[in-house]
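Trainee: Fold the stuff below for me.
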Amino acid sequence: MAVALTVVDQHADNKGRITTIATVVFTGSYPAGGEVFDWDAIVPGGQQPIWVELQGNAGYSYEYEYATMKIMVKQAGAVISLPEAPIPTATYPAAVLADVVRALAITKVV
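Mentor: Residues are numbered from 1 along each chain as shown. Got it, this is the predicted structure:
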């Protein structure tokens, strides 16, 4: 149950926004309710982002839940019409552990 974040690129614009691109690496087990995303590690002041996009290549989807500040890892439904469901609370699947996940976050500086 851990997420390691590595900043790849970060810059501020003249409108008070910080754009951050980071690599996200999952280890251990997926906790109930999702992984805590530690903004203090990558965004100055640890401010909550106003927009987050997570993308990987392993066939899983990664979603940021703004209300809980957690990353949800989801797998596609067995039938196309079924919604994606969070992965079980257990050791991460090997595909997630090996996935190269990128996070793009935009934070408004106050």
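Trainee: ok, the residue nearest to residue 95 when sequence neighbours are not counted - how many residues close by?
Mentor: Leaving out its chain neighbours, the residue that sits closest to residue 95 by Cβ to Cβ, 6 or more residues apart in numbering is residue 58, at 4.0 Å. Placement of C-beta: from N, CA and C, glycine included. By the measure other Cβ atoms under 10 Å, the count of residues near residue 58 is 17.
Trainee: contact partners of the helix-or-strand element of the chain with minimal mean pLDDT?
Mentor: Ranked by mean pLDDT, DSSP states H and E, the weakest helix or strand in the chain is strand 85-86, scoring a mean of 80. Strand 85-86 is contacted from outside by 30, 34, 72-75, 77, using Cβ atoms under 8 Å, 6 or more residues apart in numbering.
Trainee: now do 7 Å
Mentor: For strand 85-86, contacts defined as Cβ atoms under 7 Å, 6 or more residues apart in numbering pick out 72-75, 77.
Trainee: same check, this time on stretch 88-96
Mentor: Contacts for stretch 88-96 (Cβ under 7 Å, 6+ apart): 26, 29-32, 58-60, 73, 87.
Trainee: first vs last residue of that stretch, how far apart are they?
Mentor: Terminal residues of stretch 88-96 lie 13 Å apart, using Cα to Cα, to the nearest Å.
Trainee: Stretch 64-73 too?
Mentor: With Cα to Cα as the measure, the ends of stretch 64-73 fall 9 Å from one another.
Trainee: What residues sit buried inside it?
Mentor: 64, 69-73 (16 or more other Cβ atoms under 10 Å).
Trainee: Distance check, the residue lying farthest from the centre of the chain against residue 106.
Mentor: For the chain, the residue at maximal distance from the C-alpha centroid (Cα atoms, centre = their mean) is residue 14, at 26.0 Å. Look at residue 14 and residue 106: by Cβ to Cβ, to the nearest Å, they are 14 Å apart.
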